[in-house]
Every structure is written in structure tokens, then in C-alpha cells.
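[1] Prediction below, plus the sequence it came from.
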Amino acid sequence: MAIAKNTICVWYDKDAEAAARFYAKTFPDSAVHAVHKAPSDYPSGKKGDVLTVQFTVAGIPCIGLNGGPMFKHSEAFSFQIATDDQAETDRYWNAIVGNGGAESACGWCKDKWGVNWQITPRVLTEAMAAGGDEARRAFDAMMDMKKIDVAAIEAARRG
């Protein structure tokens, strides 16, 4: 597989391959394409350790880099996954949180490797795009949620 012109590089301590395989199993249009080993020792690893992993998450090309513990993930970067209904929202949320991750607020969660995710039902995005009172009601409802409740957002949209 050729490397895309623009690729997201995600830094991991040492588990890029495990993370990429989890994402490939969890999200459609996701796959692990290549695993590259270090040709020699480096500050956070030894020759032969997995250094980079080429993978795709929901159609987005990525490279996982096992760079060591010096840099940590923050909410300044997240993958946002648009969902069509509550079942899909629950499936992704539960996969991430139930696999050693953690809940946050307003549809955000963190996987066990520290990567942040927004599991965002399309109904919420559509409400925000509608603007006005509909957007305000949906936004206010969302502010009290961890995982997004699709029925509650739909009710807020209607007023």
C-alpha cells in the first residue's frame, strides 16, 4: 500500500500495533496495512521492535509510531466518528470504554492507549447545523451527557 500524501501520525508509547489492530476490528473501512520494525536500536526501543504501523481508521490513513513515553495524548486531537443511531453509538462507545478506555463528557471518550474519540450521532451534528433554538436545546441536552443519548437529542430538537 502506498503512503497517502497526507497521513495522520499517532504517537504511542509502545503499543501502536495493538491499537491499530483494535481499531481495524472495531470500525468499518479500517485495516492494518503494514508493520515496520526498527532497523537498529533507538531511544525507546531495540532493533527489531515494532517502530511504525500503517493503518486506516474509518477511511483515514494513519501511521502509528512507537515513540516512547515522552509525549502523551490530549483532547487537542481526537478521532470523530459519526454514528447513524443509538445502536451504532453504543457499539463504538462500549468497544472503546469497555476495552480499558474511559468516559468523558459530551460524547468524548479515551481508549486505553490515551487516544481521544468523539462518538457523535449525526442527529446532534444536524441539530447544531440547524442553528437557533433547535441547536441551543440540543447543545444544552448534550452538556449533561457522557455517551450521547440519541432519543434525548431528538426530543430536545423538537422542543
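    Yes, it's here. Numbering: from 1, shown residues only.

[2] For the helix or strand hosting residue 136, buried residues please.
    Assigned by DSSP states H and E, residue 136 belongs to helix 132-142. Within helix 132-142, the residues scored as buried using 16 or more other CB atoms under 10 Å are 134, 135, 137, 138, 141, 142. C-betas here are computed from N, CA, C, even on glycine.

[3] name the helices or strands packed onto that helix?
    Using 3 or more CB pairs under 8 Å, 6 or more residues apart in numbering; DSSP states H and E, the elements in contact with helix 132-142 are helix 122-130, helix 150-158.

[4] Residue 93 is nearest to which of the ones you listed?
    helix 150-158 (11.6 Å; CB to CB).

[5] what comes into contact with the closest one?
    By CB atoms under 8 Å, 6 or more residues apart in numbering, the residues outside helix 150-158 that reach it are 85-86, 89, 121, 123-124, 127, 130, 134, 137-138, 140-142, 145.

[6] Swap in 10 Å and give it another go.
    Helix 150-158 has contacts (CB atoms under 10 Å, 6 or more residues apart in numbering) with 83-90, 121-127, 130, 133-142, 144-145, 149.

[7] what's the answer for stretch 29-46, then?
    Outside stretch 29-46, the residues within contact range by CB under 10 Å, 6+ apart are 1-3, 13-14, 16-17, 19-25, 47-70.

[8] 8 Å instead?
    1, 13-14, 17, 20-21, 23-24, 47-59, 66-70.

[9] Out of those, which end up buried?
    17, 20-21, 23-24, 50-57, 66-67.
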